[in-house]
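Student: My questions concern the predicted model and sequence given below.
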Amino acid sequence: MNKTKSIVYFVLAAVALFALPLVVQQFGQGWVRIMALALLYVLLALGLNIVVGYAGLLDLGFVAFYAVGAYMYALLASPHLFETFAAIAATFPNGLHTPIWVVVPLAALLAAVAGVLLGMPVLKLRGDYLAIVTLGFGEIIRVFMNNLEHPVNITNGPRGLDRIDPMTIFGWPLSKPLMIGDFRISSVTLYFWLFLVLVVVSVIICHRLQMSRIGRAWMAIREDEIAAKAMGINTRNMKLLAFAMGATFGGVSGSMFAAFQGFVSPESFSLMESVMIVAMVVLGGMGHLPGVILGALLLAALPEVLRYVAGDVQNLTGGRIDASILRQLLIAVAMIVVMLVRPRGLWPAPEHGKAAPEPGPVAPPAKPAAAA
């Protein structure tokens, strides 16, 4: 019966999420766009949760894998390479126009390789030292993309790459609205549905990983690496696998971001993006899938929602505070309040391992009554 109820709830939630953009688009495409971008951040948070929440490896350079996926798709789906290299233009006279069935596995594979390359030098680092090294890795990737236009122009430097092709499914470009009779489904809604499918698949993968032997090995490393190694767990391979698996989500999300925006530049992959992704995982509840999703949705949508509030608050101050600075201030205050009220996150995982509460003292058995 419980399994039947779970299936019913899952189907109802799927139908509600599927119909949500159709209702919201009546109030403006901007709100649907905010929801679509929030789903991309959910993908990023799910990937980082594997590294931070499951394996306990603090990664502050996760945005690097986001950048790798975005630039991979941008180079394959924009005319930049064909205009720069005559040999590529001669080989593919009609362009590449890579379909989504190739983009997603390729982005995941390329990001996984980048994750292994990051993980190999930092296997023996922990805590703050690991955070500093991964932070530097993220900045190196951003600077690399920013300067890779000399002597050969590959990334177009700070100007970024534009004219990126939209995602195409069964020959239908998602940048084109879909007409069903007299009902018009906007392109933003089509992208929302695509991102929703990817999020659902990612949640299923993360849940299966968490319940598997690999997930239990990651959690053992998180709780006590020395004890896990003594129990026969190959901590080296498990850490590399965590970096690679987490990076795949970042790569896929980056490729979707490039197709959705139609433009990428190094400014989209700054340190602040990495900090925000880490904050999503911590705010929601590390290692708990519902909490991570909740934290990602809130922190992704909150800045855009506060954009409509910051102007009114700015008017109350006589315009002495810039609206963008005020918006960041409101976000920071909201995060501080939440962490003070819920220090383990909005929806934390049940306490386990070292954090599990100790059982209380067992009462001694009652003495049998004396026989009369």
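Tutor: Sure, I can see it.
Student: For stretch 70-87, what is the distance to the chain centroid?
Tutor: 25 Å (C-alpha atoms, centre = their mean, to the nearest Å).
Student: Quick check: buried residues in that stretch?
Tutor: 70, 71, 72, 73, 74, 75, 76, 77, 78, 80, 81, 82 (16 or more other C-beta atoms under 10 Å). All C-beta spots, glycine's among them, are computed from the backbone N, C-alpha and C.
Student: ok, for the first one, nearest residue in space, not its chain neighbours?
Tutor: The one in question is residue 70. residue 254 (3.7 Å; C-beta to C-beta, 6 or more residues apart in numbering).
Student: State the distance from that neighbour to residue 71.
Tutor: From residue 254 across to residue 71, the span is 8 Å (C-beta to C-beta, to the nearest Å).
Student: what comes up buried for the strand or helix carrying residue 280?
Tutor: Assigned by DSSP states H and E, residue 280 falls within helix 271-284. For helix 271-284, burial by neighbour count (16+ other C-beta under 10 Å) applies to 273, 274, 276, 277, 278, 279, 280, 281, 282, 283, 284.
Student: Quick check: of those residues, which lies closest to residue 185?
Tutor: Residue 185 has its nearest neighbour among the buried residues of helix 271-284 in residue 280, at 29.1 Å by C-beta to C-beta.
Student: Now for the closest one: which residues touch it?
Tutor: 41, 44, 45, 48, 292, 295, 296, 298, 299, 300 (C-beta atoms under 8 Å, 6 or more residues apart in numbering).
Student: make it 7 Å
Tutor: Residues near residue 280 by C-beta atoms under 7 Å, 6 or more residues apart in numbering: 41, 45, 292, 295, 296, 299.
Student: same thing with residue 29?
Tutor: Residue 29 touches 186, 188, counting by C-beta under 7 Å, 6+ apart.
Student: Report the residue spans of the stretch 251-372 of the chain with pLDDT below the cut-off.
Tutor: 319, 323, 351-372 (pLDDT under 70).
Student: where along it do the helices fall?
Tutor: Taking DSSP state H, counting those that start in this stretch as the test, the helices found in the stretch 251-372 of the chain are 271-284, 289-316, 323-341.
Student: mind putting these in CSV, distance to residue 132 included?
Tutor: Shown next, in CSV, are the helices of the stretch 251-372 of the chain (distance: least, C-beta to C-beta, whole Å):
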stretch, distance to residue 132
helix 271-284, 12
helix 289-316, 23
helix 323-341, 22
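Student: now, among the buried residues of helix 271-284, which is nearest to residue 5?
Tutor: residue 284 (24.7 Å).
Student: Tell me where the stretch 51-200 of the chain has strands.
Tutor: Under the criterion DSSP state E, counting those that start in this stretch, the stretch 51-200 of the chain contains strands at 168-169, 172-173, 178-180, 183-185.
Student: For the nearest residue to residue 100 once chain neighbours are set aside, give me its contacts.
Tutor: Using C-beta to C-beta, 6+ apart and skipping residues adjacent in sequence, the residue nearest residue 100 is residue 167, 5.3 Å away. Residues near residue 167 by C-beta under 7 Å, 6+ apart: 100, 174, 194, 259.
Student: Now for the third one, how many residues are close by?
Tutor: In terms of burial, residue 194 registers 19 neighbours under the definition other C-beta atoms under 10 Å.
Student: cool, and the one 3 residues further on?
Tutor: Using other C-beta under 10 Å, residue 197 has 12 neighbouring residues.
Student: In the stretch 51-200 of the chain, what residue spans correspond to helices?
Tutor: 63-77, 80-84, 86-91, 100-119, 127-147, 187-211.
Student: Could you single out the most deeply buried of the ones you listed?
Tutor: Among the helices of the stretch 51-200 of the chain, ranked by average contacts under mean count of other C-beta atoms under 10 Å, first place goes to helix 63-77 (a mean of 27).
Student: Which other helices and strands does that helix contact?
Tutor: Secondary structure elements in contact with helix 63-77, counted by 3 or more C-beta pairs under 7 Å, 6 or more residues apart in numbering; DSSP states H and E, are helix 100-119, helix 127-147, helix 235-261, helix 271-284.
Student: what's near enough to touch the most centrally placed residue in the chain?
Tutor: What sits nearest the mean C-alpha location of the chain, by C-alpha atoms, centre = their mean, is residue 44, with 0.7 Å. The neighbours of residue 44, taking C-beta under 7 Å, 6+ apart as the test, are 66, 249, 250, 253, 277.
Student: From residue 268, how far out is the fourth one?
Tutor: Right, the one you point to is residue 253. 12 Å.
Student: follow-up on the earlier one: most surrounded residue in the contacts of residue 280?
Tutor: residue 45 (33 neighbours).
Student: which element is it on?
Tutor: helix 29-49.
Student: what is the orientation angle of that helix with helix 100-119?
Tutor: 40 degrees (axes from the mean of the first three to the mean of the last three C-alpha atoms, to 10 degrees).
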